[in-house]
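> with the input below, show me the fold.
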Amino acid sequence: MKIVIYGANETACLIAAKLYEDHDIVIIDDTYSNNEEFQKLDIEYVQGAGSNISILEAIGIKDADIFIACSDNDEANIVACLTVINMTKLKTVCFVSKKDNVESLSLVRGSKYQNGLMIDYVLWPEELITQEIFRIITVPNAIDVEDFANGKARLFEYRIDYGTKFINKKIKNCSFPEDTLIVGITRDDKLFIPDGETELLLNDKVIFMGSSYSLDILANKFFQDNTDVKQVTIIGGGNVGLMLAQNLEKVNVKIKIIENNYDRCEELTENLKHTLVINGDGANYALLEEERVGESDVVVCVTDNDEKNLLCSLLSKQLGVAKVITRVSKNANAKLFEKVGIDVAISQDSAAIDDIDNHLIKTEVEILATVERGQGKVLEICVPHNFKADTLMNLRMPCKAIIAIIQRRNRIIIPRGTTQVMPYDNLIVFTTQENADAVLNYFRKGS
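Numbers count the residues shown, from 1 in each chain. Now for the predicted structure:
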């Protein structure tokens, strides 16, 4: 594919770094970028406006497949996308940072007021990260949660700590609920696919897949120390803090928001019905003690400053909070935050880029989810009509992958070794990023 990206910020750099090896990447930006990360990549860089017709013609926009506008200016992104749509029929992706632009942009495909100019995909990264944080909060102790098959199947990721019942046990000796599979383990920042002989060690991050019912049993039996999350403190009352509080109010969670800006506190109070809004500095240890933040089941730090989020997170940990979720704006900070004890560090850029990769880049196979910062993929593969039916144990896939779920008509099957894979089955397969194409090619051959 040929992918044109307007904007030379960190988001663009992450997109280019993720895709340049398999696709032709052209970066357009209003000013010349001295970013060393761009210079390491084999990409074309053009100085100019993303809506400049002459520049778009010069880079061969009509031969491109996708146009991604991700500059720091919403209006420039919108105009660039509409210019490209007027010139070509390629897919357009528009990043926005303001809720008003999401709601008022009636030019999106599928919207109520359509006309000849329609942007294919509008991404609001703050909304994506809010959804991800909400999913993690509502499954106690999980560090990642994904839903599949209309909610009938799920993925949970947990970290193994000293209190885990099956620490230092081999997988084959663990009595997990029926219809539950361990599909991946991250150890020392490296994801691999285990087998029955693999031991579960301290600090492993273990990925389970299975039916929603079986994973609920797993959560209650092995990972849920007390009851559901009842109290959440949010540090930072921006868009993410507000949207997260609104979602949590719907599930009857007791919520506090700590926000430093008084005017913003008044706005939060107007928009939230059952949330305690506190005007103060979330990095003030005395304030956190006074407001009894240590009694929270979860603390979420979502200010717009990575350093402040880290400090607030560490203070919350010092107060005894069991689970801290932190937003990072610089993707490189995510691993660092987790290394110093933060339970979950989420990059909103990564969430947006995964969304692009999962829904727009791959055309031959649907990527349902990306885990462990791209190291693992959850694929949906339709078994072709000429595939020779055989049991799971007899399949000779060329690389390590786990068929976690089989969708057959209206049934959801968590397969065993004796389960048959049949033509027209929809398979949900977990594998590593480097093996995704090999898995697809195996089933594409038919037999």
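> tell me the mean pLDDT for stretch 43-52?
The pLDDT scores in stretch 43-52 average 88.
> scratch that, stretch 374-385 is what I was asking about
88.
> go ahead and measure how far it is from the middle of the chain.
17 Å (Cα atoms, centre = their mean, to the nearest Å).
> enumerate every residue touching residue 230.
253-254, 297 (Cβ atoms under 8 Å, 6 or more residues apart in numbering). All C-beta spots, glycine's among them, are computed from the backbone N, C-alpha and C.
> so which residues of the stretch 301-447 of the chain form strands?
323-328, 344-347, 366-371, 376-382, 390-391, 401-408, 411-413, 420-421, 426-432 (DSSP state E, counting those that start in this stretch).
> swap in the stretch 151-300 of the chain?
Under the criterion DSSP E, counting those that start in this stretch, the stretch 151-300 of the chain contains strands at 153-159, 180-187, 190-192, 205-211, 231-235, 254-259, 275-279, 298-301.
> most packed of those strands?
With neighbours taken as mean count of other Cβ atoms under 10 Å, the strands of the stretch 151-300 of the chain reach their highest mean count in strand 298-301, at a mean of 30.
> could you dump that one to PDB, C-alpha only?
Output in PDB follows, covering the C-alpha atoms of strand 298-301 (Å, rounded to 0.1, in the frame of the first residue of the first chain):
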ATOM      1  CA  VAL A 298      -8.400   2.200  41.300                       C
ATOM      2  CA  VAL A 299      -6.700   5.500  40.600                       C
ATOM      3  CA  VAL A 300      -6.500   6.800  37.000                       C
ATOM      4  CA  CYS A 301      -4.000   9.600  36.200                       C
END
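> all numbers from here: first residue = 846
OK, 846 is where the count begins now, so the last one is strand 1143-1146.
> list the neighbouring strands of that strand plus their orientation.
With DSSP bridges as the test, strand 1143-1146 is paired with strand 1076-1080 (parallel), strand 1168-1173 (parallel).
> which residues outside stretch 1273-1292 are in contact with it?
Contacts for stretch 1273-1292 (Cβ under 8 Å, 6+ apart): 993-994, 998, 1028-1029, 1036-1038, 1052, 1054, 1209-1210, 1212-1213, 1219-1226, 1228-1233, 1242-1252, 1272.
> need the buried ones from those residues selected in ChimeraX.
To isolate the buried subset of the contacts of stretch 1273-1292 in ChimeraX, counting by 16 or more other Cβ atoms under 10 Å, use the following:
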select :993,994,998,1028,1029,1036,1038,1052,1054,1210,1212,1213,1220,1221,1222,1223,1224,1225,1226,1228,1232,1245,1246,1247,1248,1249,1250,1251,1252,1272
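> relative to residue 848, how far out is the residue of the chain positioned farthest from its centre?
Here the centre of the chain is the reference, and by Cα atoms, centre = their mean the most remote residue is residue 899, at 36.2 Å. To residue 848, residue 899 is 20 Å away according to Cβ to Cβ, to the nearest Å.
> equivalent analysis for residue 999, please.
Distance of residue 999 to residue 848, computed by Cβ to Cβ: 32 Å.
> just to revisit the earlier point, quick one: the residue farthest from the centre of the chain from residue 889, how far?
The gap separating residue 899 from residue 889 is 16 Å, by Cβ to Cβ.
> ok so, going back, ok, which of the strands of the stretch 1146-1292 of the chain comes nearest residue 863?
Shortest distance between residue 863 and the strands of the stretch 1146-1292 of the chain, using Cβ to Cβ, is found for strand 1211-1216: 10.0 Å.
> residue 1201: what's it in contact with?
Taking Cβ under 8 Å, 6+ apart, one finds 860, 913, 938, 966, 968 in contact with residue 1201.
> hey, what's the last one bridged with?
Looking back up the chat, that one is residue 968. Beta bridges link residue 968 to residue 940 when assigned by DSSP bridges.
> what about it, neighbour count?
23 (other Cβ atoms under 10 Å).
> contacting residues for it?
Counted by Cβ under 8 Å, 6+ apart, residue 968 has contacts 938-941, 1197, 1200-1201.
> distance to residue 1105 added to those, as TSV?
Shown next, in TSV, are those (distance: Cβ to Cβ, whole Å):
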residue	distance to residue 1105
938	33
939	31
940	27
941	25
1197	26
1200	30
1201	33
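> quick one: contacts of stretch 867-879?
Taking Cβ under 8 Å, 6+ apart as the rule, stretch 867-879 contacts 846-853, 857, 861, 864, 883, 886, 888-895, 900, 904, 909, 916, 1206.
> give me the buried positions along it.
869-875, 878.
> chain center to it, what's the gap?
24 Å.
> quick one, grab the pLDDT at the spatially most central residue of the chain.
Nearest to the geometric centre of the chain sits residue 1196, at 4.0 Å (Cα atoms, centre = their mean). We have a pLDDT of 74 for residue 1196.
> surely it and residue 974 touch.
Yes: using Cβ atoms under 8 Å, residue 1196 is in contact with residue 974, at 5.1 Å.
> joint contacts of the two?
With Cβ under 8 Å, 6+ apart as the test, residue 1196 and residue 974 reach no residue in common.
> contact partners for residue 895?
851-852, 873, 901, 914, 916, 921-922, 924-925, 928.
> so which of those residues wins on neighbours?
Busiest of those [other Cβ under 10 Å] is residue 851, holding 32 neighbours.
> who's that one bridged to?
residue 873, residue 914.
> wait, it sits on residue 915?
Yes: between residue 851 and residue 915 there is a contact at 6.9 Å, judged by Cβ under 8 Å.
> between these two, what contacts are shared?
residue 922.
> quick one: the strands in the stretch 846-995 of the chain?
Going by DSSP E, counting those that start in this stretch, the stretch 846-995 of the chain shows strands at 847-851, 869-874, 889-892, 911-914, 936-940, 966-968, 989-993.
> would you list the ones you listed in CSV and tack on distance to residue 1047?
CSV is the format used below for those (distance: least, Cβ to Cβ, whole Å):
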stretch, distance to residue 1047
strand 847-851, 41
strand 869-874, 41
strand 889-892, 45
strand 911-914, 41
strand 936-940, 40
strand 966-968, 38
strand 989-993, 19
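> who wins for proximity to residue 1008 among the ones you listed?
Comparing those by Cβ to Cβ, strand 989-993 comes nearest, at 19.5 Å.
> elements contacting that closest one?
helix 970-982, strand 998-1004, strand 1211-1216 (3 or more Cβ pairs under 8 Å, 6 or more residues apart in numbering; DSSP states H and E).
> can you tell which of the ones you listed is closest to residue 1164?
helix 970-982 (18.2 Å).
> buried stuff in that closest one?
Buried, per 16+ other Cβ under 10 Å, within helix 970-982: 970-975, 977-982.
> now stretch 1162-1180
1162, 1164, 1166-1174, 1176, 1178-1179.
> would you mind checking the average pLDDT for that stretch?
88.
> CA atoms of that stretch as CSV?
Presented in CSV, the C-alpha positions along stretch 1162-1180 are these (Å, rounded to 0.1, in the frame of the first residue of the first chain):
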residue,chain,number,x,y,z
LYS,A,1162,0.9,3.6,45.0
GLN,A,1163,2.7,4.9,48.2
LEU,A,1164,-0.8,5.5,49.7
GLY,A,1165,-1.6,1.8,49.1
VAL,A,1166,-3.8,1.9,46.0
ALA,A,1167,-3.9,-1.6,44.5
LYS,A,1168,-4.4,-0.6,40.9
VAL,A,1169,-3.1,2.5,39.1
ILE,A,1170,-3.8,3.3,35.4
THR,A,1171,-1.8,6.0,33.8
ARG,A,1172,-2.1,7.9,30.5
VAL,A,1173,1.1,8.5,28.6
SER,A,1174,1.4,10.9,25.7
LYS,A,1175,4.8,9.8,24.7
ASN,A,1176,4.7,6.1,23.6
ALA,A,1177,8.2,5.4,24.8
ASN,A,1178,7.2,6.3,28.4
ALA,A,1179,4.7,3.4,28.6
LYS,A,1180,7.3,0.7,29.3
